[in-house]
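**Q** I would like the atomic coordinates for the input below:
(chains A and B)
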Amino acid sequence: MKAAAFEYQKPTELSAVVSALRASNGEAKLFGGGQSLGPMLNLRLARPKKILDVSTLPALKVIEDLGTAWRIGGGVTHAMLEDRVLVGCEPLAQVARGIAYRAIRNRGTVGGSLAHADPAADWPLTMPALGATIVIAGVSGERRVAAESFMTAAFGTALAEDEIIAAVEVPKISADARWGYWKFCRKTGEFPEASAAVLLDPQRKVARVWIGALNGAPQSLNALAVDIAQRGFLAISDLSVSQALEPVLGKIDAAQRRLHQTAVRRAVQLATA
Amino acid sequence: MEEHGKPGQGIGARVKRKEDSRHLHGRGQYVSDMVIPGQLEVAFLRSPIAHGRIRAIQKPAGSEGAVFVRADMPEAKSIISTSSIPSYRVSAQPPLAEGKVRFVGEAMAMCVAKTRAEAEDLAERIVLDIEELPPLVESMAALREKNVRVHEEWEDNVFVTLSVDNDFDRLSKQATVVVKREVELSRQAMVPMEGKAVVAHWDERTDQLVMYYSTQTPHVVRTGIAQFLGLSEGQVRIIAPDVGGGFGYKVIVHPEELSVAWLAWKFRKPFRWIEDRREHLVSGANARQHKYQLTGYADDKGRLLALDAEITIDGGAYSNWPFTIGLEPGQAIGNLPGPYDFRGYRCTTRCVATNKPGFMPYRGVARTGVCFAMELLMEGIARAVDRDPYDVRMDNLVRPEQMPYDNVMKKHYDSGDYPQALTTAREKLGIEAWRARQEKGEADGRKIGIGFASYCEQSAHGTSVFASWGLPLVPGFDQAAVKMTPDGGLEVRVGIHSHGQGMETTLAQMAHEILGIDVSRIHVTHGDTGTTPYSTGTYASRSIVMAGGATANACRELVPRIVKIGAHLLGCKESEARFEKGVGVIAPDGKQMSLKSICEAWYLRPDKAPLDVDRRGLECSVSYKPERDSGAFSYASHAVAVAVDTDTGQVEILDYVIVEDCGTVVNPMVVEGQTIGGIAQGIGTAMYEEIEYDVNGQPNASTLADYTLPGPTEVPHMRIFHMETPSPYTEFGIKGMGEGGAIAPPAAIFNAVNDALRSTGVEVNRTPLTPHRLLEAIERARSGTLPKREAA
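**A** Presented below is the predicted three-dimensional model:
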């Protein structure tokens, strides 16, 4: 199938992007790497009047060291993060490496993935687990939203129609922090059927366990994280994991339940091994 | 992989494929690469529902001459495939839906515009008014259904019923062990990299409808297009350029292709339609869906005495031309006994009409299913008698001293050593080491399993076999035309098509075997009805035997003509001169005359040629079929080791061994390539590929995001070992082998997984083995709700 006709615009400044968004009254779509929007256009599932191509916008391509955090432009591709290990944010390269295929990573962007908000995607799970902040640009300037409250539902975010993700600020983790990330894909490159991220950073008094690939947004398993921070892998049992998951898993079958439990268990294992 | 092969460029040599250069450099020429000035693009509007009566198709305002429905094209006949099978019911498939729609994706209207996007814009604006009818989604339900019919003129929903009973009662009574198994394969699509594709135009100069057509069978397609459009065959020329995979999908005249042909004929303009992936997955979900209920009757050693089987094939909505929907049940009932020696057989096979795309022959035709069923039964028998499945198989396989062997279905197995293939596979896999590792257990908790599967593959079966399947078009002799060129090279023209089989190389090797001409100077042309002799084309693992045999015989026929000229040029008697491959003609005194000089004398300097030169010249067309056309049976045993993660349902293939025998090997690299490609598809059937339908008959997979194919990371390294038992009936003893790789993987992999999970009581029996399906079975076992396996 081929896309229905649309207007195409390629602004060269971020300000031009947000004013064009404002002017379009919700009928424009931002085109980042196009790895989700491209197929949706061709399948005619997305029918925007206008495409605003931000795939090469220089302002979105910046990776900047802020001292205690890294600022990553919304247009930074997965491949850029894969190829450059950011000191203090090493998990980003590790996660980037596991996203789909290199061909997709070459084009797909961090901002695009977060804005698209596929429940099974990697960044919507990773960013809250790392305690990141989403920097959002609109006509009246920038605002900041914690990653953990940015994604509101499957394919739903805190973004208004005339806003764009300018950047993500990811706090640096301590040198002795432990990170565990595990996902289950039917085959290389597919979206996962279960995924979990664990950050244990005792120096910063941070312990987080998040799970993704749910029906809605990724969820935090706070109580379990606290328990793991205290007891390590001993906190993990069939019972403790299934109790922790109970409130966040909707109606799913026993096999899916087992898979989510496995994801948590293995991510914790990686972070505590 | 052990390097298998002979030196040189002839039969048995590992010659690099001539066609690879253009493919690896991206210079292949596919239908989509053809551009004819002024060509218009075609898009089809497809049925959004599975079953309904068409009340109206309302064309958009202002779309005159750009949107067509069935009523606009009275000159095009519906595709009707007859069969001589008595129980076969005829279904008429119109080029565009007529009266009813019978599956989601059935083409209803055809839109024409300068670009595909604009043609799709038109399609969107068509308004459909369809009265919904209850969809028949599942074959068993369709079988029982009394009131709703896919084809109203039928009395039920059964396309074909085939039954056989060979000495079943007497032999089954002797059994002491009775083992039942039910197995099932899901519906899948064939997914060639290139889908269907046609560019059709009218050539005023030759007064011909010329179609660039992605097909395996250009000559057959020509007959079909001429028939269904009411043209003389001389008015149709089919050119199949490079074809990006066929697998059976491209041996059929599809309604869309006929519709585009009609456009070009009617409007005398060029039109192009390229099937996209979504169209393919929705309207091409047409393969593999079988259900088996098997009961094996064995003695207490597990020696199979009799087999009782019910096979139900989900046939979809329409039969196809020319292979008919009877091919699948015919192959299923005929091939179920496989490589095993038993004499009691009762089987009923039903092919049931449902509201899905019509079933088509996919690489391995029915044999992937029957091998899966039979090999899972063998495993069940071994469990019932508490013996190693290897030993039970060894006791049941046809033995070499029984060859040639007529099996319980009178299939004539021409040659081979089936037990040796299995034994070698077991050895090469390293069974002891795997059993020890299985016993010890994995550090990561995964469970190791080992599985085997054996099959035999009827290849290059000819007239008598296809006639018995009732087809409207039966293959006979295949022809090859060979012509020496003035510079001593050779042209070979054949009516088959090569689309991955490497036959531009292997046919050159066969010509080289006779004439000794360097393969780089042998030019093989195929795929064009305007330039090649008749053949029914490439399918059923036949082309290397048929076109190869014809090529070799045609080359042989040139030899005396070459010698005659050569002897004259050498000044010796014809009877004293001899032909020497790679040299030319040699006189008794050792003087030599090159092929180049001989060709020069015939073409450029006939003044030098003898006066009584053979006037037929240095070209000829020769037809060939094997002495006995019941087929040359290739066979193989596959052995696989897997690790099963019982917390995710993930199966990893750790080792995959193939021991295959396709008779005399023409080019081991090509055989290995075909095997690897086939196994990749077999792994797809076993573990990944599936289109499920909901209760409304809506397919759940319409893009590659939903339809999972194995990729490079899912297809393991394979170790292939060759045996070579020549066929007694074919030229050089060659057997076909193109389908084999796709036959055994589901059987071998499921047996391995079931072996791994034996202690848990889990036994899986439905393709594909998705992690979710496997994990569900494991969870059922954990919670103690596993259904007890019926076994006596």
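
**Q** am I right that B:Gly516 is in contact with B:Ser594?
**A** No. Judged on CB atoms under 8 Å, B:Gly516 makes no contact with B:Ser594 at a distance of 10.9 Å. In short, each C-beta sits where N, CA and C put it, glycine included.

**Q** name the residues contacting each of these two.
**A** Common neighbours of B:Gly516 and B:Ser594 (criterion: CB atoms under 8 Å, 6 or more residues apart in numbering or on different chains): B:Val583.

**Q** only the buried residues of the helix of greatest length in chain A, if you could.
**A** Ranked by residue count and defined by DSSP state H, the top helix of chain A is helix A:254-272. Within helix A:254-272, the residues that count as buried by 16 or more other CB atoms under 10 Å in any protein chain shown are A:255-268, A:270-272.

**Q** any idea how many residues pack against B:Gly230?
**A** Residues lying near B:Gly230 (other CB atoms under 10 Å in any protein chain shown) number 11.

**Q** same question, B:Pro86
**A** Look at B:Pro86: counted by other CB under 10 Å, it has 9 neighbours.

**Q** try A:Val226
**A** Neighbours of A:Val226 under the rule other CB under 10 Å: 14.

**Q** which helix or which strand is home to it?
**A** Taking DSSP states H and E as the criterion, A:Val226 maps to helix A:222-231.

**Q** how about B:Val210?
**A** strand B:208-213.

**Q** residues from the stretch 51-200 of chain A in reach of chain B?
**A** Within reach of chain B by CB under 8 Å from any CB of the partner chain, the stretch 51-200 of chain A has these residues: A:Phe184, A:Arg186, A:Lys187, A:Thr188, A:Gly189, A:Glu190, A:Glu193.

**Q** quick check, the fourth one in contact with A:Tyr101.
**A** Yes. With the criterion set as CB under 8 Å, A:Thr188 and A:Tyr101 qualify as a contacting pair; they are 7.4 Å apart.

**Q** how does chain B divide into domains?
**A** Domain ranges of chain B: B:371-460+B:630-782, B:477-624, per automatic domain parsing.

**Q** coming back round to it: quick check: of the residues of the stretch 51-200 of chain A next to chain B, which lies closest to B:Lys735?
**A** Distance to B:Lys735 across those (CB to CB) is lowest for A:Lys187, with 33.8 Å.

**Q** pLDDT on stretch A:85-101, on average?
**A** Stretch A:85-101 comes out with an average pLDDT of 97.

**Q** from the contact counts, what lies against the longest helix of chain A?
**A** strand A:178-184, strand A:194-201, strand A:206-212, helix A:222-231, helix A:238-245, helix B:771-782 (3 or more CB pairs under 8 Å, 6 or more residues apart in numbering or on different chains; DSSP states H and E).

**Q** swap the cut-off to 7 Å and go again
**A** On a contact count with 3 or more CB pairs under 7 Å, 6 or more residues apart in numbering or on different chains; DSSP states H and E, helix A:254-272 meets strand A:178-184, strand A:194-201, strand A:206-212, helix A:238-245, helix B:771-782.

**Q** the strands in the stretch 51-200 of chain A, which residues?
**A** According to DSSP state E, counting those that start in this stretch, the stretch 51-200 of chain A carries its strands in the segments A:63-65, A:69-73, A:133-138, A:141-146, A:151-153, A:156-157, A:164-171, A:178-184, A:194-201.

**Q** pick the most buried one from the ones you listed.
**A** Comparing the strands of the stretch 51-200 of chain A by mean neighbour count (mean count of other CB atoms under 10 Å in any protein chain shown), strand A:194-201 comes out on top with a mean of 26.

**Q** parallel or antiparallel, list what pairs with that one.
**A** strand A:178-184 (antiparallel), strand A:206-212 (antiparallel) (DSSP bridges).

**Q** may I see the buried residues of the last one?
**A** Along strand A:206-212, the positions that meet the burial threshold by neighbour count (16+ other CB under 10 Å) are A:Val206, A:Ala207, A:Arg208, A:Val209, A:Trp210, A:Ile211, A:Gly212.

**Q** can you pull out the helices in the stretch 401-550 of chain B?
**A** If DSSP state H, counting those that start in this stretch is used as the criterion, the helices of the stretch 401-550 of chain B fall at B:418-429, B:431-440, B:463-468, B:503-515, B:543-570.

**Q** about what we covered before: show me what the helix holding A:Val226 packs onto, helices and strands only.
**A** strand A:206-212, helix A:238-245.

**Q** let me know which of those is the nearest to B:Ala66.
**A** Comparing these by CB to CB, strand A:206-212 comes nearest, at 47.3 Å.

**Q** just want the angle from the closest one to helix A:254-272.
**A** Using axes from the mean of the first three to the mean of the last three CA atoms, to 10 degrees, the direction of strand A:206-212 lies 150 degrees away from that of helix A:254-272.

**Q** rounded mean pLDDT for strand A:206-212, please.
**A** 98.

**Q** check the offset of it from the chain's centre.
**A** 13 Å (CA atoms, centre = their mean, to the nearest Å).

**Q** contacts for that strand?
**A** Strand A:206-212 has contacts (CB atoms under 7 Å, 6 or more residues apart in numbering or on different chains) with A:119-120, A:124-125, A:128-129, A:131, A:195-200, A:218-221, A:224-226, A:228-229, A:248, A:260, A:263-264, A:268.

**Q** try 6 Å this time
**A** For strand A:206-212, contacts defined as CB atoms under 6 Å, 6 or more residues apart in numbering or on different chains pick out A:125, A:128-129, A:195-200, A:218-221, A:224-225, A:229.

**Q** widest-spaced pair of these?
**A** So, the contacts of strand A:206-212 by CB to CB: farthest apart are A:Ser195 and A:Ala229, at 20.9 Å.

**Q** ok, for residue 66, nearest residue in space, not its chain neighbours?
**A** Since you didn't name a chain, this refers to chain A. A:Glu169 (6.8 Å; CB to CB, 6 or more residues apart in numbering or on different chains).

**Q** ah, no, chain B please
**A** With CB to CB, 6+ apart, the residue lying closest to B:Ala66 is B:Val112, at 5.0 Å.

**Q** report the buried residues of stretch B:632-639.
**A** So for stretch B:632-639, counting by 16+ other CB under 10 Å, buried means B:Ala632, B:Phe633, B:Ser634, B:Tyr635, B:Ala636, B:Ser637, B:His638, B:Ala639.

**Q** may I have the secondary structure class of the last one?
**A** In other words, B:Ala639. Following DSSP: H, G, I helix; E, B strand; the rest coil, we place B:Ala639 in the strand state.

**Q** what about it, distance to B:Arg556?
**A** As judged by CB to CB, to the nearest Å, B:Ala639 and B:Arg556 stand 40 Å apart.

**Q** CA atoms only for stretch B:595-613, dumped as CSV, please.
**A** Provided in CSV are the C-alpha atoms of stretch B:595-613 (Å, rounded to 0.1, in the frame of the first residue of the first chain):
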residue,chain,number,x,y,z
LEU,B,595,34.8,-27.1,-31.5
LYS,B,596,35.4,-23.5,-32.5
SER,B,597,36.8,-24.5,-35.9
ILE,B,598,34.0,-26.9,-36.4
CYS,B,599,31.3,-24.3,-35.6
GLU,B,600,33.1,-21.8,-37.9
ALA,B,601,32.9,-24.3,-40.7
TRP,B,602,29.2,-24.8,-40.3
TYR,B,603,28.2,-21.2,-39.8
LEU,B,604,30.8,-18.9,-41.3
ARG,B,605,32.8,-21.0,-43.8
PRO,B,606,30.4,-23.6,-45.1
ASP,B,607,32.8,-23.9,-48.1
LYS,B,608,35.0,-25.8,-45.7
ALA,B,609,32.3,-28.2,-44.5
PRO,B,610,31.7,-31.6,-46.0
LEU,B,611,29.3,-31.8,-48.9
ASP,B,612,27.2,-34.4,-47.1
VAL,B,613,27.2,-32.4,-43.9
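
**Q** which residues touch the residue in the stretch 351-500 of chain B positioned nearest to chain A?
**A** Residue nearest to chain A within the stretch 351-500 of chain B (CB to the nearest CB): B:Asp444, separated by 10.2 Å. Listed by CB under 6 Å, 6+ apart, B:Asp444 has no contact partners.
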